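Student: following is a predicted model, sequence given first.
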Amino acid sequence: MNLLLLVLLLPAAGFLIALALPRSSPASSRYWALAISLVTFLASLALLGWFDRSVAGDQLTVDLLWISSPEIRFHIAADGVSLWLVLLSTFLTPICVLISWNHIQSRVKEFYAFLLLLEVGLVGVFLAQDLFLFYVFWEVSLVPMYFLIGIWGHERRIYAAVKFFLYTMAGSVLMLAAIIYLYNRAGTFGYAAILDQLASGRLAFTAFEQMLLFLAFFVAFAIKVPLFPLHTWLPDAHVEAPTAGSVMLASVMLKMGTFGILHYALPLFPAAARRCAPWIAVLAIIGIIYGALVAMVQPNMKKLVAYSSVSHLGFVVLGIFSFTQIGLDGAVYQMLNHGITTGALFALVGLMYDRRHSLAIEDYGGVATAAPWLSTVFLITTLASIGLPLLNNFVGEFLVLQGAALANFKWAIWAALGVILSACYMLWMYQRVFYGELKDAVRSHMPDLNLREWAVVVPLIAMMVWMGVYSKSFLDPVGKTTARVLEQTQVNVPYRVDLRGPASTEVSRAR
Amino acid sequence: MQLWLIPILPLAGFLINGLFGRRFSKGLVNAFAIGSVVLAFLWVLKTLFGLGGLTAAYTEHYFTWIQSGALSVGCDFSVDRLTAVMLLVVTGIGSLIHIYAIGYMAHEGGYYRFFAYLNLFMFFMLTLVLAANYLVLFVGWEGVGLCSYLLIGFYFDKKIATDAGNKAFIVNRIGDFGFSLAMFLIFRQFGSFDFAHVFAQAPAAPVGLLTLIGILLMFGACGKSAQIPLYVWLPDAMAGPTPVSALIHAATMVTAGVYMTARSWVIYTHAPIAMDVIAYIGIATAFVAATIGLAQNDIKKVFAYSTVSQLGYMFVGVGCGAFSAGIYHLMTHAFFKALLFLGAGAVIHSLSGEQDMRQMGGLRAKIPWTFGVMLCASLAIAGFPFTSGFFSKDAILLAADHRAPWLYWVGVFTAGMTAFYVFRAFFMTFFGKYRGKEHPHESPPVMLIPLVILAGLSLVGGYLFKIPDFLRPVFPAVEAPEAFGPMAVASAAGLLGIALAYLMYVYRPGIPDSIASGAKGLYTLVYNKYFVDEIYDAAVVKPLVGGSRVVLWKGFDAGLIDGTVNGIGARAKGIGGVLRLAQSGNTRSYATWIAFGGVLVIFGMAAMIVLGGLR
Amino acid sequence: MMGHVPLSWFLMLSAVLFSLGVAGFIFRRNIITMFMSIELILNAVNLTFITFAYQRQQVAGHLLAFFVMVVAAAEAAVGLAIILTVFKNRETLNIDDLDSMKN
């Protein structure tokens, strides 16, 4: 049995069995989801052992024929980037099961079934090597999230769910069109085969074609990231989603966008990507500063964290479009960091919501007196989020900024302003929620962490410290893969652009 | 030589006390907290003896921290003579202040938390001084900022304390903005962060770039070392417990900026403009902060502004190329300013928390030990001949004189002011009649012993530890000759300041009030610290927050973007609403439409056949 | 016998039957009547199939006619069942009252 297949099939099987469990016993659904997600996580840990760190390319491939005409293959494989994103998904799913333990009281069975289905979709997106299969997983992951928000969310959940769905759909339709166009030109959905044709010159696009295709892919991914100004679905979706939904959405789903940019948009359309890079970098920087400024004035904790995500994801996009090894490594690292840190922030805000039943900052105050450990854990997460050295985000932000500084120093200047602002909004929120005099309403509703909640936060904190102190264990495979992406975006340029008109000047600029 | 043990020991103390301290007795907390720092001090001593002369830097590599493409940052520690001075100051003074804190914090809540934070601070501070590259230095740099934030906001139920903590962290972040940009440029130019590598290549780098790097680094140092324009956080930082003010906001952390600029001396000596900027900013800060110090009534605020002013002196030293003089003053300042704060803490402690000097007075007889040590510290900071401050301040002023005479004269004038306001505080506290209500009591021995040791160091430390001689292998030679004239003038300025303070606050206590009412405008300006906080608030903070709320969030985000998106949705709904009218729900109307359509198709086909020529 | 009757007569009859069916479907309100109108339409179409099959001497028309008859039988079964259920639930057979799909 191939391990990748196992990691993909375990939650799928878990989903089917979860559907068959009796509705009358919610506990059985909870324990089943916990068990299967833990087993999946263990399987993905084993993946780490089997993964050969010295190889840059795809590994642990499974390639089966799925639909014979048109030829669509069930082709999955892992590389140094998707490996970590898969691990991130499988790592966070059991955590999401645990934080939903008491939070979800209605339709428990369906909730956990959807959570497992979501895991299938996310893992599939990161592993698929066939464009059609990728699209299928992309949409599969959309459905459970729609229901997670729409059924188990807060007051305006329907509005948020529909907004989320339509936004994403608007982008993915463009992507589907581009995929079909690619198929018509290349005669295959196989990603490796298309890259091969491009590299050998059997498939070539005009500069205009390439630009349109790139934009079609990029807009789909940029909505998911979300890149400014396509971000307004995110705060609504986060505020209304249940805790587990927020965690999965922020930690993993947003990475589908950045992963897509890195894995598809760049190697397929390098010249167009390079031509757009200055514009996209500017949008990313606007997102960094804008997200931070808007986060600063939010009265709602979840909304604040959501806008901070816009800011943090701006760093990822900036790193990718710096087109430097350091920037790309930093971008990938920042994806993982954001997954851990913002996931933890949403989880902790969820724990506080479970206690006080409010997300408004002004309803809190003095929590540090009532629940010191909760406050400590929140503080560590806050510090990670604002990029304190020895915690994870620092490494990512630093690499991204250094990469940006190598590409264009002005970018680094503007983006570094975001680092100042992140301290403003996070510390200000922390002060208003945790410090100050203990309010009576807080005192009676704020027990400290219990054992289940410790089980949620300890792994997250441990990861923050580990990723901050010893980044080498993560960056090695990442660097191999990003180096390959970088090479693809350089070597393939002359083959791919037809060398007439403005495109040829583009090539010379890209080199 | 196991350099890593030096910072790891306090880290262990932090972890143990932080995780389990809540269940420990105070004795056990003390054992771990003070034990770890004292052990670190002893280990520093052992290491330094083991390393002998230390004419060259000794480096240890532990592991690769960040590795990406051409960028490779190791977790490296390194010791040279400069580091040795810093290590001894940090661990030595740190140990004394830890011991002092046992007595000072005895009746406070959150005892274990206080010591855990203090230990964490020691860890980061030692990392900062041991670092062998800019990035590891930055780890310590940010880390001490964090501890400063935590300790300023130690009484976290008081809004004023947490506000001050936030302010400290954010202002430091603004400085770090410059520091990080400098690091990016350093890597761009030199391809490495290692001190050895960077400094070996720096002389060959373009001067313009070096100047930019130097100014950006200095901007970072301005944040940490509270220089204009970023000094505003330090006076507020006095909201923390007094041992914190002594350790972090006087003796060690705030001098990190001076250490960092001195460490980067190779860059600065090749960027003369950057050095000038440092010197100007230093002298401006020294002067402005001293004037503010003249009019403060809170004893800790006086010393806070004095710290800002003295840090300005160190910057002048560094900016004039007298790096060793800057470090010299850093060390002596650590002695006497720590002592001033700890002594002030003892006074405050004895008055059960009173900080307003107008409520003090006549304490000379009631707490004689504290009086004695405070006298030593005040003499030292005033530059009384042959105390520690005398040597170091003179070294700086001589270098300033050599660079530009006006720098020297402003420095001398500031020295006079320094002597004046310190002795003003001294006389207001210990002389005259007691004006408060509390019953003063002398501090316990656990607080007094560190005070006495520091008093000794303040008096003779400058003579015992001739830092400029010790640092000769590290820094370029100072060209300034020993000159008796300038030295005498500076000492005279100090004595004059003391005499003036005696005249105004002991001999004729009515004079200050008449001056204050005579120059009311000026007095108000100085008393309110030139309204800098208010200006920053109105010019930066309010517009930023208000603009973000009204323009960006409500206007742009919710209004424009969401308005557009929802508008598209509404349009689509509107079109659908029109088309929906055709769906009447009436079966017979549907049938009519179908029949109508069928007829239309038939006629269409017929028309095509007819027009197409009956084919 | 067939030979004496022109082909167009059959087609005319079919057209008349078809039109009657359509008219009945559109203008009557009773579902049963509408249902019978549909049967009429189907039979009109059947007649056309048979006519052309006869004219062209091909069996395909007969085949289609059988098909239509089978479908009509199935439709009758299902349709009557639906009509019965509707009547049970609504107690009316007036088609204009059955417009709950509208909202």
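Tutor: Here it is on my side, so go on.
Student: residue boundaries of the helices in the stretch 301-450 of chain A?
Tutor: A:301-320, A:325-356, A:367-370, A:372-385, A:392-407, A:409-434, A:440-443 (DSSP state H, counting those that start in this stretch).
Student: just the stretch 51-200 of chain A next, same as before
Tutor: According to DSSP H, counting those that start in this stretch, the helices that the stretch 51-200 of chain A contains are A:82-99, A:108-127, A:131-152, A:157-186, A:191-200.
Student: in TSV: those helices, plus distance to chain B, mean neighbour count and mean pLDDT.
Tutor: Where you see a C-beta, it was placed from the backbone N, CA and C, and this is true even at glycine. TSV is the format used below for these (distance: least, CB to the nearest CB, whole Å; neighbours: other CB atoms under 10 Å in any protein chain shown; pLDDT from 0 to 100):
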stretch	distance to chain B	mean neighbour count	mean pLDDT
helix A:82-99	14	25	92
helix A:108-127	21	26	92
helix A:131-152	16	22	91
helix A:157-186	7	19	90
helix A:191-200	23	18	88
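Student: so for chain C, which of those sits nearest?
Tutor: For chain C, the closest of these is helix A:157-186, at 19.0 Å, according to CB to the nearest CB.
Student: quick one: that closest one to helix A:131-152, angle?
Tutor: Comparing the axes of helix A:157-186 and helix A:131-152 via axes from the mean of the first three to the mean of the last three CA atoms, to 10 degrees yields an angle of 180 degrees.
Student: list the helices and strands helix A:157-186 packs on?
Tutor: Helices and strands touching helix A:157-186, by 3 or more CB pairs under 8 Å, 6 or more residues apart in numbering or on different chains; DSSP states H and E, are helix A:131-152, helix A:191-200, helix A:207-224, helix A:233-240, helix B:562-580.
Student: picking up where we left off before, so which of the helices of the stretch 301-450 of chain A is nearest B:Val207?
Tutor: Distance to B:Val207, taken as CB to CB, is lowest for helix A:409-434 among the helices of the stretch 301-450 of chain A, at 17.7 Å.
Student: now check the closest one, is it near chain B?
Tutor: Yes - using CB under 8 Å from any CB of the partner chain, we find that helix A:409-434 touches chain B at A:409, A:412-413, A:416-417, A:419-420, A:423-424, A:427-428, A:431, A:434.
Student: buried set for the helix ranked longest in chain C?
Tutor: Ranked by residue count under DSSP state H, the longest helix found in chain C is helix C:60-90. Neighbour counts using 16 or more other CB atoms under 10 Å in any protein chain shown place C:61, C:64-65, C:68, C:72, C:79, C:83, C:86 of helix C:60-90 among the buried residues.
Student: let me know the secondary structure of the closest residue to B:Phe430 other than its chain neighbours.
Tutor: Spatial nearest neighbour of B:Phe430, chain neighbours left out: B:Arg364 (4.2 Å); criterion: CB to CB, 6 or more residues apart in numbering or on different chains. Here B:Arg364 takes the coil state, with states given by DSSP: H, G, I helix; E, B strand; the rest coil.
Student: tell me, how many residues neighbour B:Arg364?
Tutor: When counting by other CB atoms under 10 Å in any protein chain shown, one arrives at 19 neighbours for B:Arg364.
Student: torsion angles phi and psi at it?
Tutor: Its backbone dihedrals place B:Arg364 at phi -50, psi -40, with angles given as degrees, to the nearest 10.
Student: and the pLDDT for it?
Tutor: As predicted, B:Arg364 sits at a pLDDT of 83.
Student: was I right to think it contacts B:Gly372?
Tutor: No - the pair B:Arg364 and B:Gly372 does not pass the contact test of CB atoms under 8 Å, sitting 9.4 Å apart.
Student: now do the contacts for B:Ile396.
Tutor: The contact partners of B:Ile396, by CB atoms under 8 Å, 6 or more residues apart in numbering or on different chains, come to B:313-314, B:316-317, B:320, B:322, B:325-326, B:328-329, B:411.
Student: can you list the low-confidence ranges for chain C?
Tutor: C:1-3, C:100-103 (pLDDT under 70).
Student: one more pass at 50, please.
Tutor: Per-residue confidence for chain C (pLDDT under 50) gives these ranges: C:1.
Student: B:Cys222: what secondary structure?
Tutor: What three-state DSSP gives for B:Cys222 is helix.
Student: export the helices of the stretch 301-450 of chain A as a markdown table, with columns for mean neighbour count.
Tutor: Putting these into a markdown table (neighbours: other CB atoms under 10 Å in any protein chain shown) gives the following:
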| stretch | mean neighbour count |
| --- | --- |
| helix A:301-320 | 28 |
| helix A:325-356 | 26 |
| helix A:367-370 | 22 |
| helix A:372-385 | 22 |
| helix A:392-407 | 28 |
| helix A:409-434 | 22 |
| helix A:440-443 | 14 |
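Student: which one of these lies nearest to A:Leu45?
Tutor: For the helices of the stretch 301-450 of chain A, the distance to A:Leu45 is smallest for helix A:325-356, at 15.4 Å, taking CB to CB.
Student: can you give me how far that closest one is from the chain middle?
Tutor: Offset of helix A:325-356 from its chain centre (CA atoms, centre = their mean, to the nearest Å): 9 Å.
Student: report whether that helix contacts chain B.
Tutor: Yes - Helix A:325-356 comes into contact with chain B (CB under 8 Å from any CB), by way of A:325-326, A:329-330.
Student: thinking again about what came up before, okay, the helices and strands packed on helix A:157-186 in CSV with distance to A:Val125 next?
Tutor: Formatted as CSV, the helices and strands packed on helix A:157-186 follow (distance: least, CB to CB, whole Å):
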stretch, distance to A:Val125
helix A:131-152, 4
helix A:191-200, 13
helix A:207-224, 10
helix A:233-240, 18
helix B:562-580, 25
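Student: in CSV, list those helices along with distance to chain C.
Tutor: What follows is the helices and strands packed on helix A:157-186, written out as CSV (distance: least, CB to the nearest CB, whole Å):
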stretch, distance to chain C
helix A:131-152, 22
helix A:191-200, 45
helix A:207-224, 34
helix A:233-240, 28
helix B:562-580, 9
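Student: and the residue nearest the centre of chain B?
Tutor: Of all residues in chain B, the one closest to the mean position by CA atoms, centre = their mean is B:Lys224, 3.1 Å from it.
Student: under the pLDDT cut-off, which ranges of chain A? List them.
Tutor: Judged against pLDDT under 50, the low-scoring parts of chain A cover residues A:491-511.
Student: list the buried residues for the longest strand along it?
Tutor: Ranked by residue count, the top strand of chain A under DSSP state E comes out as strand A:59-67. The neighbour-count criterion (16+ other CB under 10 Å) identifies A:59-60, A:62 as the buried residues of strand A:59-67.
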